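Trainee: okay, sequence plus prediction incoming.
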Amino acid sequence: MTSPVSPAETEGYSQDYAADHGRFVVVPAAYVFLLRDPSAGSGGGTPEVLLQLRQGTGYMDDHWAAAAAGHVERGEDALNAARREALEEVGVTDLDLRFVTSMQRTRHDLPIDERIDFFFTARTWTGEPRIVEPTKCADLRWWPLDALPEPVVPHERVVLDGLRDGSIHPYTSFGF
C-alpha cells in the first residue's frame, strides 16, 4: 500500500509548512545593469554602469543599486521580470539582455530569508533612461565600473566588481 501524497507535495509548500519542517521559501529577483562605453573625456577605459540611489523603499535606502531590479512575480520568468522592471523603473524597452550570474543569497539574522537573484546586463535598449519612480529613486547616474560610488548595495557590489575584472561566474553565493 502506498502512502497518500500530501497537498504540500503536489501544490508547493506554504510558508508555515516550510517553517515547521525546516524548509524555506526562496524569493526570486531580477536585476539589470545598463552598460555603455566610457563617456568622452572621462579619462577611463572601463564601461560605465547606470545606478540608482535608493530612497523610500525600506531596503538599503541611501545606497547605490542597479538601475532596474525587483521581485519576479508569480507566473513570470526572470528574463521577463528584468524587462518589466527596466520599463517600470527607468522607462526603457527592447533591451538586449545578457545573463551574467545567478546569486544564492541569505541573511542569517532573519528566520527565513533565502533569495535567488538573476543578474543581467544590457548594452542596447530603446528609450532614454530616466527616473520613473521618484519616490523610490533619489538619483540616477552613470558611473565607471572602476570608480563606483559608495555605498553600493553589498551583494550587487560583488557582481559589479566581477563585471569590472572579468571574474564573475554563472553561479555566485552571498552571505553563506
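Mentor: Nice, I can see it.

Trainee: quick one, helices of this structure?
Mentor: Using DSSP state H, the helices of the chain run over residues 7-11, 15-20, 78-90, 154-165.

Trainee: any idea which of these scores lowest on pLDDT?
Mentor: Among these, helix 7-11 has the lowest mean pLDDT, at a mean of 43.

Trainee: give me every residue that touches the most centrally placed residue in the chain.
Mentor: Closest to where the C-alpha atoms of the chain average out (Cα atoms, centre = their mean) is residue 31, at 2.9 Å. Listed by Cβ atoms under 8 Å, 6 or more residues apart in numbering, the contact set of residue 31 reads 66, 68-69, 82, 117-120, 156, 159. Placement of C-beta: from N, CA and C, glycine included.

Trainee: could you do residue 151 as well?
Mentor: Contacts for residue 151 (Cβ under 8 Å, 6+ apart) come out as 62-64.

Trainee: out of everything not next to it in sequence, what's closest to residue 51?
Mentor: Leaving aside its sequence neighbours, residue 51 sits nearest to residue 64 (Cβ to Cβ, 6 or more residues apart in numbering; 4.4 Å).

Trainee: which residues of the protein score low on pLDDT?
Mentor: 1-24, 40-44, 108-112 (pLDDT under 70).

Trainee: so where do the strands sit in the chain?
Mentor: Applying DSSP state E to the chain gives strands spanning 26-36, 48-54, 64-66, 68-71, 97-106, 114-122, 137-144, 171-174.

Trainee: could these be laid out in CSV, adding distance to residue 90?
Mentor: What follows is the strands of the chain, written out as CSV (distance: least, Cβ to Cβ, whole Å):
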stretch, distance to residue 90
strand 26-36, 7
strand 48-54, 7
strand 64-66, 10
strand 68-71, 5
strand 97-106, 14
strand 114-122, 11
strand 137-144, 7
strand 171-174, 24
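
Trainee: comparing those strands, which comes out most buried?
Mentor: Highest mean neighbour count of those: strand 64-66, a mean of 26 (counted as mean count of other Cβ atoms under 10 Å).

Trainee: which other residues reach that one?
Mentor: Taking contacts as Cβ under 8 Å, 6+ apart, the residues outside strand 64-66 that touch it are 31-33, 51-54, 119, 143, 148-153, 156.

Trainee: again, only this time at 7 Å
Mentor: 31-33, 51-54, 149, 151-153, 156 (Cβ atoms under 7 Å, 6 or more residues apart in numbering).

Trainee: which pair in these spans the largest distance?
Mentor: Within those, 32 and 151 form the most distant pair, 20.1 Å apart (Cβ to Cβ).

Trainee: show me the beta-bridge partners of the residue nearest to residue 51.
Mentor: Beta bridges link residue 64 to residue 53, residue 152 when assigned by DSSP bridges.

Trainee: since that was my last question, I'll sign off now.
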